[in-house]
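>>> Turn this into a model:
(chains A, B, C and D)
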4 protein chains.
Amino acid sequence: MPKKIRLGILGGGGDSLIGVLHRVASHINDNYEIVGAVFNPVYEENIGFAKEIDVPTDRIYKDFDAFIEGEMKLPKEERIQVCSVQTPNFLHFPMAKKLLDNGFHVICEKPMTTTLEEAKILQEAHKKAGTIFALTHTYTGYPMVRQMREMIKSGALGKIHKVDARYYQGWINTIIHDKEKRSSVWRLDPEKAGISSCMGDIGVHAFNLVEYTTGLQVKSLLCDFNYLYEDNKMDVDGTVLVRMGDHVKGVIRGSQVATGEENGLAIAIYGEKASFRWEQEKPNFLYKQSDTEPTQVYKPGHAYNSELSLNGTKLPPGHPEGIFDSMANIYLGAARAIRGEQYNDGEFPTMLDGVRGMNFIEATVESHKGGNVWVEMES
Amino acid sequence: MPKKIRLGILGGGGDSLIGVLHRVASHINDNYEIVGAVFNPVYEENIGFAKEIDVPTDRIYKDFDAFIEGEMKLPKEERIQVCSVQTPNFLHFPMAKKLLDNGFHVICEKPMTTTLEEAKILQEAHKKAGTIFALTHTYTGYPMVRQMREMIKSGALGKIHKVDARYYQGWINTIIHDKEKRSSVWRLDPEKAGISSCMGDIGVHAFNLVEYTTGLQVKSLLCDFNYLYEDNKMDVDGTVLVRMGDHVKGVIRGSQVATGEENGLAIAIYGEKASFRWEQEKPNFLYKQSDTEPTQVYKPGHAYNSELSLNGTKLPPGHPEGIFDSMANIYLGAARAIRGEQYNDGEFPTMLDGVRGMNFIEATVESHKGGNVWVEMES
Amino acid sequence: MPKKIRLGILGGGGDSLIGVLHRVASHINDNYEIVGAVFNPVYEENIGFAKEIDVPTDRIYKDFDAFIEGEMKLPKEERIQVCSVQTPNFLHFPMAKKLLDNGFHVICEKPMTTTLEEAKILQEAHKKAGTIFALTHTYTGYPMVRQMREMIKSGALGKIHKVDARYYQGWINTIIHDKEKRSSVWRLDPEKAGISSCMGDIGVHAFNLVEYTTGLQVKSLLCDFNYLYEDNKMDVDGTVLVRMGDHVKGVIRGSQVATGEENGLAIAIYGEKASFRWEQEKPNFLYKQSDTEPTQVYKPGHAYNSELSLNGTKLPPGHPEGIFDSMANIYLGAARAIRGEQYNDGEFPTMLDGVRGMNFIEATVESHKGGNVWVEMES
Amino acid sequence: MPKKIRLGILGGGGDSLIGVLHRVASHINDNYEIVGAVFNPVYEENIGFAKEIDVPTDRIYKDFDAFIEGEMKLPKEERIQVCSVQTPNFLHFPMAKKLLDNGFHVICEKPMTTTLEEAKILQEAHKKAGTIFALTHTYTGYPMVRQMREMIKSGALGKIHKVDARYYQGWINTIIHDKEKRSSVWRLDPEKAGISSCMGDIGVHAFNLVEYTTGLQVKSLLCDFNYLYEDNKMDVDGTVLVRMGDHVKGVIRGSQVATGEENGLAIAIYGEKASFRWEQEKPNFLYKQSDTEPTQVYKPGHAYNSELSLNGTKLPPGHPEGIFDSMANIYLGAARAIRGEQYNDGEFPTMLDGVRGMNFIEATVESHKGGNVWVEMES
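Coordinates of the predicted model:
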């Protein structure tokens, strides 16, 4: 019997960027085989894409309902075990919900839902289902992000007292400064893109990293967005003051108009004893700083790294692994969980991360619209 | 007749760090000669220090009043022309005021005063005096900071829409986490150190750089401090949301508990067309980023640099100049102004920078104490 | 009919590092399917590994001869099309030879053979076979290495006059300084590892990059090895002076005792007009330097990049791809060639690179043993 | 009585780059006062320059002979104590010789002489004189270079087994590729510039750093120059294989045609236990690498630094000091020696460094001209 986990794909067809990322990631550790999919809403394109990537077409369904129906008819040992949801954001919720309700494991792109309310409903569905739910906050898969988490957990920084994260991109400049374009692009249309552009798309990643690495939760926040133009309805930039409890404060910054920035996610965590700095575009370098000792540069694959970090590295030190490998690490963790093996809870983001992410996004909007006031996050 | 400008020094004796910075800077371009001073409140130490650095002792005065009295008795062509004020913060105002009132030029350490009110009084005194007043915001002297200013002025970034500056240090960690120390050190005693520690000492530098490089003014701000402990009265960390007018927003971050950071002043300015990034600890590298072109790394001493930048470089490209050279550039600009020569208004920070700096510091305190509310700055 | 190319694997089983690299790389662009293999000389392990990675066991052969025999019996449309040779070095030649003689395409790990003589025999066999032969000099697959090649080809540097490459590692320190270990490890046993350790294993990569990026050939070289100990027979460090024709000179440096270096491959190419610098451990940053302009930092995925470079990138700028992606780019190029599609000759290293590599290795040994004299390379 | 050492200057007038470097450096620690000089061979310019920098003109002499004559007539307590030689290279020897013969201390620019023979004569003269002789290999004054030296001395790297240094510049490109210019510029005229351009001007600095930091001596070397054009007589590029004794090898690379490099001096020292890497253009970052531990980044001004390093820092960590401060550290060391105070022999390069430097330059020329053969250095 094949050992690989039977994987279904929803979305991600054609030249979808997220599609190639998930597909490659699912292959990397020889754990998954794609056996069924709805890559694309247009059936011909759907089938065409399956052929292009050499997936058998017999379980390429015409739509999601057919997918569920078809798979549920199959005996359990043939049925898809886990489904990867890579569709447009507004479909994450209904698809994930139905998948969970039918007993599938789910790997879901972020944002998990479009509202916090949906997120909570999904959370309930997940509790009932008892299956595995992994949210692909891709950046948590980097070995050096995991190293931060483990070292912080084991006390390397002492008590955390300050966090500072940013996610800066510049690509929306080419749209936002053109009146025609900014009024027509779906990204900046609240009807289509939801309540937030910058925070919803990227700010939430920075938020997630802060909670993932520190193990602390943001308790309350105050946010100021920048829309750049009166006629623009969506945040393209924002700064969020955060409080994580007893004198632990920080700032999360997001921007899609940080001209010339590509995918500038970075995080710094300051504790009583030491601090960490890490940047996504140089993912294999982690800086541990102290007031009295030379800065230390941690790199992947060394015996000095934590097990969680080492699990995320395939080659010896100095052979740079990147974002595909990072996503693959999340798939690897999910595979372990799906197979009922032991795993570290840092191996993949969960339902809870999804709920908190939606809470964060809604809270930033509420804070900004309320005149930059403090908003409590749910605990 | 000696060509050098006759310089008086107030403060900066013994192993004062600020003292050596000013002294070396004043020498670097052969423009100043120290002819009189009150280095130290204790007369013996004052004289001793003068001998140590080989300044003639005949114009080493026992205190500031004696200094003024003694110098005013001298014929104009012998009298000190400019006085450099390097005393503890609370003395800046009374000394600078009396110096201006007596017709001296003044080079003054920051913060210029301890309150905005004092700053405005000094501004009036300066108007009356008509002499030169240079405020030593040292970091404006770096060639690459000047390059930013000139290129922004000439439109290299297009319309600015976002600023992001930080000044992170970690040295106060060794004090703040010790109950005994934090209650005894003068830095954290509002009676002695004024209304703000972090913003007053370093945040104001970041604020100054933002205004210096962009040519824009902060219109309003919202600030959240972190005191870390209930029994601590002074900000040791803070984040400031700023608005610089029509959809131009940004953030200024300061910290003295950013563990492991040494003198982490950094600035990023984002415009419609391009952006700049610069870090004080690698002062000779200026990054110009665009969404469509390779990032460009500007370095000092090249023909492609602006005149203001080139004036601040003494050796060909690749010979790193540092913070002493940066301060020397401010002294150089002041020398030109004192001699009545042509100079670029970016050659040294002025009274206006001092007034705005005090306004910034007071506004951050007001915002924080008011519950993190928006506070208008004066225009 | 499946679209994927039928791939056979020789070697690479168990926890082989090279095995995972090839396997992942072959998957990444959905071009290959592993249909047969001899992963391991021990049949049980061979089968066991196939199961572990979910390759059907019906075409897992007990050894290479059985592999050839079995495959040749299959009809052409089922038969393996290309075979990836990942066995220990001394097996590359006999396997690749027999594969070519039987009409297979070959993807071969480096060093291609153990001697130049073998390399030439293989070259002849390849000419006769007329199939595709790709040598996996992995580092040529990086987008920024390809960008260098294309820009140099189009004249961005002007006439090249100097090259400087290095490949520094430190891992052999833990062996070499221990008399017991250094006399027992196969790497340092000429009987098992061939004539060169440092140059054969890593120096040749640096050599290959120099020729790949410049399009020039090394004409002659002079080499000095360091063995570190009298009783050690293998080079663990060496410096090679190279001449690439008319006043074009340079140096290639290799070391396995460069303590603390991980996988420190770096290259600098200097031309009349400009230069390039690139480092393998930060593969997504390419520096173009000029004497008169700001240094430019090229990154992958931008419209300003060459087609050859862009073909090697799957995600937008700022999403770091790494060494698995680099190897995947070589597999992608080979797939195009195997399918008879158009391809750029920079998409994968060829037989000629293999022959030149062996020539380089032998020449360095000859030069060193001859007393550090100039040795001509064949043209 | 003034405490400052009475300093004479030979050369360095007008817009001499070396002049400003020495002058500023001599001021920085309040140890020297310029009391006499021959800044310039043209007397009017000499006097004019003295006025410009405010040096009293009464001891501005018309030429070197007048300088010696005039000073020797003065009573010892008024006479110049140390003379700084900053004239064109060919004058270093006769001036330094006469100064030593007359009992002066000497601070001398490099290259110390134009031949090894002269160097040895000077060495003899120095022995007789018994005064202090400091050679301004500026780069030894950087705190992090000193830190390397001290840590290596105390065994941080274990036994050294490999060195790798380079000094790459690109500025001669604008001359060398123009037939007219390259035949007329003094730099490339052996009559005027001596036997070597690249090695004599910059390669020797890299050589000096290797010996300064390791405490080892180069025993023999093999060199290949690049002249780039048939009609060019001077090396503009060269690579030097070096042997430093028992299995300790390395390479020193110099270039003036490394296009786009500014002042690219860098050094790496590899030992059994660890290694150091340092680059002149980022002088305040020293990397200590190990095969098993995270890389450590040393920076100036920390308590963890050696005393020799800390003596070279005036401000707390994070306040970048540069090349003027580095030269000042050499002047500071010389001052201590001149005053008969205790000093560390790493505080300034000496006569021995000068002799070895000339030996190195001549040996590289001999090796290249002899057909790239090994040449022994004198011990």
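
>>> any idea which element residue A:252 lies in?
strand A:249-255 (DSSP states H and E).

>>> After that strand, which helix or strand is next?
strand A:264-271.

>>> List the contacts of that following strand.
Applying Cβ atoms under 8 Å, 6 or more residues apart in numbering or on different chains, the external contacts of strand A:264-271 come out as A:139, A:148, A:152, A:156-169, A:202, A:205-206, A:209-210, A:213-214, A:258, A:275-281, B:170, B:255, B:257-260, C:318. To be clear about C-beta, it is placed using only N, CA and C from the backbone, and glycine gets the same treatment.

>>> pLDDT of it, averaged?
Mean pLDDT, strand A:264-271: 98.

>>> Whichever helix or strand comes after it close to chain C?
From strand A:264-271 onward toward the C-terminus, using DSSP H and E, the following helix or strand is strand A:275-279. No - legend: contact between strand A:275-279 and chain C by Cβ under 8 Å from any Cβ of the partner chain is lacking; minimum distance shown is 10.1 Å.

>>> can you tell me if strand A:275-279 touches chain B.
Yes - on the criterion Cβ under 8 Å from any Cβ, strand A:275-279 is in touch with chain B at residue A:275.

>>> Now do that strand against strand A:264-271, angle only.
Relative orientation of strand A:275-279 versus strand A:264-271 (axes from the mean of the first three to the mean of the last three Cα atoms, to 10 degrees): 180 degrees.

>>> other SSEs contacting strand A:275-279?
If you count contacts as 3 or more Cβ pairs under 8 Å, 6 or more residues apart in numbering or on different chains; DSSP states H and E, strand A:275-279 packs onto helix A:143-153, strand A:264-271, strand A:286-289.

>>> Could you measure from the closest residue to chain D within the stretch 101-250 of chain A over to chain C?
Using Cβ to the nearest Cβ, the closest approach of the stretch 101-250 of chain A to chain D is made by residue A:147 at 10.2 Å. Residue A:147 is 16 Å from chain C, where distance means Cβ to the nearest Cβ, to the nearest Å.

>>> Kindly report the same for residue A:100.
Residue A:100 is 27 Å from chain C, by Cβ to the nearest Cβ.

>>> and if you look at residue A:8?
Residue A:8 is 17 Å from chain C, by Cβ to the nearest Cβ.

>>> Out of the helices and strands packed on strand A:275-279, which gets nearest to residue C:9?
With Cβ to Cβ as the measure, helix A:143-153 is the member of these nearest residue C:9 (26.6 Å).

>>> Distance from that closest one to the middle of the chain?
Remark: helix A:143-153 is offset 17 Å from the chain centroid, using Cα atoms, centre = their mean, to the nearest Å.

>>> Next, the angle from whichever helix or strand comes after that helix to strand B:160-168.
Per DSSP H and E, helix A:143-153 leads on to strand A:160-168 as the next helix or strand towards the C-terminus. Comparing the axes of strand A:160-168 and strand B:160-168 via the same axes, to 10 degrees yields an angle of 150 degrees.

>>> so, in contact with chain C or not, strand A:160-168?
No - figure legend: strand A:160-168 not in contact with chain C (Cβ under 8 Å from any Cβ); closest approach 9.8 Å.

>>> Next, the angle strand B:249-255 makes with that strand.
Going by the same axes, to 10 degrees, strand A:160-168 makes 150 degrees with strand B:249-255.

>>> any bit of the next helix or strand after strand A:160-168 sitting next to chain B?
The first helix or strand that comes after strand A:160-168 along the chain, using DSSP H and E, is helix A:173-176. Yes - Helix A:173-176 comes into contact with chain B (Cβ under 8 Å from any Cβ), by way of A:173, A:174.

>>> May I see the buried residues of helix A:173-176?
A:173, A:175, A:176 (16 or more other Cβ atoms under 10 Å in any protein chain shown).

>>> follow-up on the earlier one: who does the strand holding residue A:252 pair up with?
strand A:160-168 (parallel), strand A:237-243 (antiparallel) (DSSP bridges).

>>> who's sitting farthest from the centroid in chain A?
Residue farthest from the centre of chain A, counting by Cα atoms, centre = their mean, is residue A:292 at 35.5 Å.

>>> Can you tell me which helix or strand of chain A has the lowest average pLDDT?
One helix or strand of chain A scores below all others by mean pLDDT, DSSP states H and E: helix A:190-193, with a mean of 85.

>>> Buried ones in that helix, by neighbour count?
Judged by neighbour count (16+ other Cβ under 10 Å), helix A:190-193 contains these buried residues: residue A:193.

>>> Centre of the chain to that helix, how far?
Using Cα atoms, centre = their mean, the offset of helix A:190-193 from its chain centre is 20 Å.

>>> Same check on stretch A:43-53?
27 Å.

>>> Burial check on residue A:290, number of neighbours?
Other residues near residue A:290 number 18, with proximity taken as other Cβ atoms under 10 Å in any protein chain shown.

>>> That one and residue A:276 touch, don't they?
No - applying Cβ atoms under 8 Å, one finds residue A:290 not in contact with residue A:276, separated by 10.8 Å.

>>> Give the burial count for residue A:69, as a bare number.
By other Cβ under 10 Å, the residues close to residue A:69 number 12.

>>> gap between it and residue A:98?
Using Cβ to Cβ, to the nearest Å, residue A:69 is found at 11 Å from residue A:98.

>>> for chain A, longest helix please?
What stands out as the longest helix in chain A, according to DSSP state H, is helix A:351-369.

>>> Just the strands from the stretch 1-150 of chain A, written as ranges.
If DSSP state E, counting those that start in this stretch is used as the criterion, the strands of the stretch 1-150 of chain A fall at A:5-11, A:32-38, A:82-86, A:105-108, A:133-135.

>>> Tell me which other helices or strands the third one touches.
Meaning strand A:82-86. Packed next to strand A:82-86, using 3+ Cβ pairs under 8 Å, 6+ apart, are strand A:5-11, helix A:17-28, helix A:89-101, strand A:105-108.

>>> try 10 Å this time
strand A:5-11, helix A:17-28, strand A:32-38, helix A:64-73, helix A:89-101, strand A:105-108, strand A:133-135, helix A:323-338 (3 or more Cβ pairs under 10 Å, 6 or more residues apart in numbering or on different chains; DSSP states H and E).

>>> List the buried residues of that strand.
Here strand A:82-86 shows A:82, A:83, A:84, A:85, A:86 as buried, counting by 16+ other Cβ under 10 Å.

>>> Does the least confident helix or strand of chain A pack against any helices or strands, and if so which?
On a contact count with 3+ Cβ pairs under 10 Å, 6+ apart, helix A:190-193 meets helix A:89-101.
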